[in-house]
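S.K.: dropping the sequence and predicted coords here.
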Amino acid sequence: MKARFTPALFAHAEAVLGQLLRFDHPADAIVSRYFREHRQLGHADRAFVAETVFAVLRRGRSLEARCAGRLTDRHRLLVALAITRGWSLRELAPVLNANEEGWLAAAKSMAEADMPPAVRCDLPDWLYERLLTQYSADEIIELAEALNRPAPLDLRANTLKTSRDALLEQLAAADIAAVPGQLSPLSIRLRDKPALAKHPLFLGGLFEVQDEGSQLLGLVVEAKRGEMVVDFCAGAGGKTLLLGAQMRNTGRLYAFDVSDKRLTNLKPRLARSGLSNVHPVRIEHERDTRVKRLAGKADRVLVDAPCSGLGTLRRNPDLKWRQGEESIAELTAKQTAILDAAATLVRPGGRLVYATCSLLTAENEAIVDSFLARHPDFALLPVSTVLERQGVAFAGDMLRLLPHRHDTDGFFAAVLERKA
Ligand SMILES: C[S@@+](CC[C@H](N)C(=O)[O-])C[C@H]1O[C@@H](n2cnc3c(N)ncnc32)[C@H](O)[C@@H]1O
């Protein structure tokens, strides 16, 4: 159902945008809180508000250029509706003042090609400049366009309870249109975005929502039955659950994290998944004594490191405006420290996987290269070989997933082996 566009609905979008543009909290948290506080807003109204304010976050700089100095939340929203949704003056009539019509027509007619490249790509200058050291200007335009589109909804079949084919049949029976994913053998892509939180197939633990690219980060660990595996930065367990299923619910799987809240969010997911081999452990920091006790004992360690999250701009467009050179420098220091600490857990002959959802070489290849230079007892295993065993064709030594090339979020992974 389409929302009825009224001045009152527009005012809600304006109020939310005002909060978002302070950039003091993650955008999805601000939007969810606003909806909790305004329960009178129905499903269609919420969708309108969320999509419109997210359009302003995604296309922030080019919309601002079109605003031609009228930089109020109201004007940003009007331009967003006209440009990203293609709304006409007639459709905007319920809120448009007569003296804004000429201004909006001029905003619409502005050519994107005339804007400076970083503005056209809706990227902050520092990020555009960094990407320019990695990709051609033409490829950055493609990448930016892909990052500015909303992400599809992917599921991961829980192989402890079902198979991908069986789940596809169950989804079809429940009238949920779905196709197998292109990369991960566990992945299913939904055509639409149905609410799944109360669906019996979800409550029964047959699937989790997980981007197809994120599934590959878990698959390169190749966790096996009976092993001791550590998910060093487990968070709410997106990858822990995949690792546990790969281990067929045997062996020991430690889920470390410094965040109590995230580990608490892992618990209901564990209960649905049917896994009983997972041991969540809250650590103070990467040098915690609970970490040190496992020195040299783990068969496999996954470091899904805290990162800028710039690969997830399809879902979290505010991240590009909330970070800068300084936050990247802090993150790379943290990533180095965590990878060094995690490496001490790996037994000789064991595996260490370093992964991020960042697009930046500084958080990805540079961390791995510097680690290998300092740790001659580790060597890089080509990710192509590892993924081939999992039935995934992928060229290259390290895994780099990009929205415009692979239709996933941006991800990185390197597989390292400790020499026997
Ligand atoms: C990219 S997120 C992990 C996402 C998670 N693996 C998943 O698939 O859902 C990074 C995590 O690292 C955690 N973290 C930050 N500093 C850490 C540290 N020193 N040791 C362990 N975990 C840390 C954060 O709390 C966050 O949950």
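M.R.: Alright, I've got the coordinates. Bear in mind that the values here come from a model prediction, so they are computed numbers and not experimental data.
S.K.: for this structure, what's the longest helix?
M.R.: helix 325-343 (DSSP state H).
S.K.: how about the helices in the stretch 301-420 of the chain?
M.R.: For the stretch 301-420 of the chain, applying DSSP state H, counting those that start in this stretch gives helices covering 325-343, 365-374, 383-389, 403-406.
S.K.: ok, which of those comes nearest residue 218?
M.R.: helix 383-389 (11.8 Å; Cβ to Cβ). No exception for glycine: its C-beta is placed from N, CA and C like everyone else's.
S.K.: what is the closest one packed up against?
M.R.: Counting contacts by 3 or more Cβ pairs under 8 Å, 6 or more residues apart in numbering; DSSP states H and E, helix 383-389 packs against strand 411-418.
S.K.: outside of the strand it packs on, which residues touch it?
M.R.: 213-214, 216-217, 220, 311, 343, 346-358, 363-365, 368, 371-372, 377-383, 386, 397-401 (Cβ atoms under 8 Å, 6 or more residues apart in numbering).
S.K.: dump stretch 201-213 to CSV, restricted to CA.
M.R.: Extracted as CSV, the C-alpha positions of stretch 201-213 are listed here (Å, rounded to 0.1, in the frame of the first residue of the first chain):
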residue,chain,number,x,y,z
LEU,A,201,10.6,-20.7,9.1
PHE,A,202,12.7,-18.0,10.9
LEU,A,203,11.5,-18.9,14.4
GLY,A,204,12.2,-22.5,13.6
GLY,A,205,15.9,-21.6,12.9
LEU,A,206,15.8,-22.7,9.2
PHE,A,207,17.5,-19.6,8.1
GLU,A,208,19.2,-16.4,9.2
VAL,A,209,19.3,-13.1,7.3
GLN,A,210,22.9,-12.7,6.1
ASP,A,211,24.4,-10.9,3.0
GLU,A,212,25.7,-13.4,0.5
GLY,A,213,29.2,-11.8,0.8
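S.K.: ok so, going back, reformat the helices of the stretch 301-420 of the chain as TSV; add distance to residue 158 and mean neighbour count.
M.R.: Shown next, in TSV, are the helices of the stretch 301-420 of the chain (distance: least, Cβ to Cβ, whole Å; neighbours: other Cβ atoms under 10 Å):
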stretch	distance to residue 158	mean neighbour count
helix 325-343	26	17
helix 365-374	30	16
helix 383-389	21	16
helix 403-406	23	18
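S.K.: the ones you listed: which one's closest to the ligand?
M.R.: The ligand lies closest, by Cβ to the nearest ligand atom, to one member of those: helix 325-343, at 5.1 Å.
S.K.: strand 411-418 and the closest one, what's the angle between them?
M.R.: Angle, helix 325-343 to strand 411-418, by axes from the mean of the first three to the mean of the last three Cα atoms, to 10 degrees: 30 degrees.
S.K.: ok, helix 325-343 near the ligand or not?
M.R.: Yes: counting by Cβ under 6 Å from any ligand atom, the ligand has neighbours in helix 325-343: residue 338.
S.K.: ok, now stretch 153-164?
M.R.: No: Stretch 153-164 does not reach the ligand (Cβ under 6 Å from any ligand atom); its nearest approach is 10.9 Å.
S.K.: which secondary structure elements does the longest helix of the chain contact?
M.R.: Counting by 3+ Cβ pairs under 8 Å, 6+ apart, helix 325-343 packs on strand 298-304, strand 346-356, helix 365-374.
S.K.: these into a markdown table, with extra columns for distance to residue 73 and mean pLDDT?
M.R.: Listed next are these as a markdown table, based on distance: least, Cβ to Cβ, whole Å; pLDDT from 0 to 100:
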| stretch | distance to residue 73 | mean pLDDT |
| --- | --- | --- |
| strand 298-304 | 36 | 98 |
| strand 346-356 | 33 | 98 |
| helix 365-374 | 38 | 98 |
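S.K.: dump those into CSV; add distance to residue 250 as well.
M.R.: Supplementary listing: those in CSV, determined by distance: least, Cβ to Cβ, whole Å:
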stretch, distance to residue 250
strand 298-304, 12
strand 346-356, 17
helix 365-374, 30
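S.K.: so is stretch 403-420 next to the ligand?
M.R.: No: Stretch 403-420 does not reach the ligand (Cβ under 6 Å from any ligand atom); its nearest approach is 10.4 Å.
S.K.: buried ones in that stretch, by neighbour count?
M.R.: Buried residues in stretch 403-420, counted by 16 or more other Cβ atoms under 10 Å: 403-404, 406-418.
S.K.: got the end-to-end distance for it?
M.R.: Taking Cα to Cα, to the nearest Å, stretch 403-420 runs 37 Å from one end to the other.
S.K.: tell me the angle the longest helix of the chain makes with helix 365-374.
M.R.: Counting by the same axes, to 10 degrees, helix 325-343 points 40 degrees away from the direction of helix 365-374.
S.K.: check contacts around the residue positioned nearest the centre of the chain.
M.R.: For the chain, the residue nearest the mean C-alpha position is residue 312 (3.6 Å; Cα atoms, centre = their mean). Counting by Cβ under 8 Å, 6+ apart, residue 312 makes contact with 319, 357, 409, 410.
S.K.: returning to that earlier point: in JSON lines, list the helices and strands packed on helix 325-343 along with distance to the ligand.
M.R.: Formatted as JSON lines, the helices and strands packed on helix 325-343 follow (distance: least, Cβ to the nearest ligand atom, whole Å):
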{"stretch": "strand 298-304", "distance to the ligand": "4"}
{"stretch": "strand 346-356", "distance to the ligand": "7"}
{"stretch": "helix 365-374", "distance to the ligand": "14"}
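S.K.: all good on my end, thank you.
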